[in-house]
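**Student:** 3D model of this:
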Amino acid sequence: MPISALQLFKHLPQTNCGDCGYPTCLAFATQVVVEGADPTNCPHLSDEAKQLSGTIREQQQQGVGRRRDKLAIALKFLQEKVAPLDFATLATGLGAICGEEEQRPYLELTYFGQTVRIFKDEVRYPAGTAENPWDAILLYNYIASQAKRPPCGQWVKFEGLPHSVSKSKTLHRLQRQLAAALSGKKELLAQRALTLGAQPASVSEDADLQFIFRPLPHLPLLLIFHDAEAEENFAAEAHFLFDAQVMNYLDLESLLFLVERLMDYLLEKY
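**Tutor:** Below is the predicted model of the structure:
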């Protein structure tokens with residue numbers, strides 16, 4: 001399996017010092033894995049990161065992991081897809097605000113608690129926020145959905161979504177990773193969840209923690225967390241559930257990226 005930006009990020013200093021030329025360590029990791037930036041631009045690489053860098057170079061030489069052309073094409077396609085849409089008509093259904101800047105319509109909405117302004121040919125992030133092409137693709141996918149049906153409040157597992165079988169392993173891996181990282185740290189998880197604006201939930205009777213996150217206005221995610229129990233020899237478990245109407249807003253790949261993004265915030269410097 002190719003090394004991902006998240007894997008490299010975990011072995012970086014995570015100080016966001018900017019010595020590499022990028023505003024954050026996550027932005028640098030993304031540029032290395034996705035865009036082919038030189039890993040040695042970070043003067044503080046750990047031995048583990050240096051080892052990963054060698055593997056990343058090898059996979060890039062084989063054309064694995066680098067998605068620049070693919071992402072650029074996908075982004076252009078989505079921008080063309082939303083170009084004829086009436087943003088004013090879509091705003092309410094997407095939980096966004098419609099506006100205009102120099103005769104350019106835009107939608108303004110919250111994305112992981114930050115206000116993002118989306119034009120038909122540009123995504124404008126808050127100052128100091130690192131840009132990631134996957135963010136733009138996800139946001140344009142959200143708009144392109146045209147908010148056909150509102151969330152229904154019924155929670156389903158990823159496997160319950162159409163055509164999800166081939167991608168279920170990815171979500172299971174992410175859930176195991178989150179559970180292992182925060183095992184025995186439910187107070188830390190609760191603190192970070194509340195910082196992200198998550199709301200406590202009561203869906204599962206035996207969960208240690210459960211929170212509803214809203215990374216996008218009409219796209220809730222439910223996290224159910226069972227902490228480890230050493231006496232019972234039970235390992236920690238984490239499970240993400242989704243609103244039954246989620247496929248009316250995002251495709252499966254974008255949905256998995258949304259989960260990864262949420263984990264970036266929950267696992268920061270864990």
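
**Student:** where does the protein dip in pLDDT?
**Tutor:** 1, 59-71, 269-270 (pLDDT under 70).

**Student:** how close does L45 sit to E100?
**Tutor:** L45 sits at a distance of 45 Å from E100 (criterion: CB to CB, to the nearest Å). Yep, even glycine has a C-beta here, placed from its N, CA and C like the rest.

**Student:** so for those two, which residue has more residues nearby?
**Tutor:** More crowded of L45 and E100, by other CB atoms under 10 Å: L45, with 19 against 11.

**Student:** residues contacting that one?
**Tutor:** 12, 39, 53 (CB atoms under 8 Å, 6 or more residues apart in numbering).

**Student:** kindly recompute the last result at 7 Å.
**Tutor:** Contact analysis of L45 by CB atoms under 7 Å, 6 or more residues apart in numbering lists 39, 53.

**Student:** over to the one 4 residues further on?
**Tutor:** The neighbours of A49, taking CB under 7 Å, 6+ apart as the test, are 8, 11-12.

**Student:** closest one of these to R173?
**Tutor:** L8 (16.2 Å; CB to CB).

**Student:** so what touches stretch 164-183?
**Tutor:** Applying CB under 7 Å, 6+ apart, the external contacts of stretch 164-183 come out as 158-159, 188-189, 227-228, 236-240, 252, 256, 259-260, 263, 266-267, 270.

**Student:** could you redo the last one with a cut-off of 6 Å?
**Tutor:** 158-159, 189, 228, 236-238, 252, 256, 259, 263, 267, 270 (CB atoms under 6 Å, 6 or more residues apart in numbering).

**Student:** what's the burial count for L90?
**Tutor:** 18.

**Student:** hang on, it in a strand?
**Tutor:** No - under DSSP: H, G, I helix; E, B strand; the rest coil, L90 sits outside any strand and is assigned helix.

**Student:** please produce TSV containing the contacts of stretch 164-183, extended by distance to V82.
**Tutor:** Formatted as TSV, these follow (distance: CB to CB, whole Å):
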residue	distance to V82
F158	26
E159	30
L189	35
A228	45
A236	40
E237	38
A238	34
L252	20
L256	22
V259	23
M263	27
L267	32
Y270	36
